[in-house]
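Trainee: Whatever this is, show me its structure:
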Amino acid sequence: MTTDKDFFERFSFISTSGDPTKDCMVWGFECGDGWHDLLWELCESIEEELQQTPAFVQGGDSPFQVVQVKEKYGTLRFYTNWGTEEIYKLIQDAENKSAVTCEVCGKPGKLRGTGWLSTTCEEHKEDI
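Mentor: Purely as a prediction, here's the structure:
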C-alpha cells in the first residue's frame, strides 16, 4: 500500500514547509488510503504535464506545489498553488473519479449519506 511518505519521496511538488500557516501538507493526505492509487496516477500525469510546461511558466519564485489533499463532501479535493489548463483538467478528472471510488479500499463505490457524505463500496458503507 502506498503511504503519504511515498508521495513525499517520489514527487518533488508534494512537500511541506512544516509550518501549518504556510501549507496544509504538514498534516499529509487528509483522505482514506482507497484513493491513493487515484492520487498516484494524478501525480504522475501532473509530472508529465510539468515536464512539457516551459520553465518560465513554472513559476520561478513560485514553483508548482500541492498545498492540500483532502476529502470534502465525500469526494477528493486536490489544491495547488497554480496550474495549467491541462493540470486543472487532470485534477477535476481525479476528483470526479473519487465520487465512484471507495475511499477506504479503492473498489468501485458511490457517494453516500445525507449530512456527512462519504464515497464507499457496499462493504465499507458503515466505516466512515
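Trainee: Number of residues surrounding F8?
Mentor: Look at F8: counted by other CB atoms under 10 Å, it has 15 neighbours. From N, CA and C alone the C-beta is placed, and that goes for glycine too.
Trainee: part of a strand, is it?
Mentor: No - per DSSP: H, G, I helix; E, B strand; the rest coil, F8 lies outside any strand segment and is helix.
Trainee: ok, it touching V26?
Mentor: No - using CB atoms under 8 Å, F8 makes no contact with V26, being 11.2 Å away.
Trainee: Which residues are in contact with each of those two?
Mentor: Residues touching both F8 and V26 (CB atoms under 8 Å, 6 or more residues apart in numbering): T16.
Trainee: how about the strands in this structure?
Mentor: In the chain, the strands defined using DSSP state E lie at 66-72, 75-80, 110-112, 118-120.
Trainee: which residues sit in contact with the residue nearest to H36 when sequence neighbours are not counted?
Mentor: The shortest distance from H36 to any non-neighbouring residue, by CB to CB, 6 or more residues apart in numbering, is to T2 (4.3 Å). Neighbouring residues of T2 by CB under 8 Å, 6+ apart: 33, 36-37, 40.
Trainee: For ChimeraX, what selects the buried ones among these?
Mentor: Selection of buried members from the contacts of T2 for ChimeraX, criterion 16 or more other CB atoms under 10 Å:
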select :33,36
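Trainee: now the contacts of T2 as CSV including pLDDT?
Mentor: Shown next, in CSV, are the contacts of T2 (pLDDT from 0 to 100):
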residue, pLDDT
D33, 96
H36, 97
D37, 97
W40, 98
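Trainee: Let's see which of the contacts of T2 end up in helices.
Mentor: 36-37, 40 (DSSP state H).
Trainee: and which of these is nearest T114?
Mentor: Using CB to CB, H36 comes nearest to T114 of the ones in helices among the contacts of T2, at 27.2 Å.
Trainee: need the contact list for that closest one.
Mentor: H36 touches 1-2, 29, 106, counting by CB under 8 Å, 6+ apart.
Trainee: buried subset of the residues you listed?
Mentor: The buried subset of the contacts of H36 (16+ other CB under 10 Å) comprises 29, 106.
Trainee: Cool, thanks, talk later.
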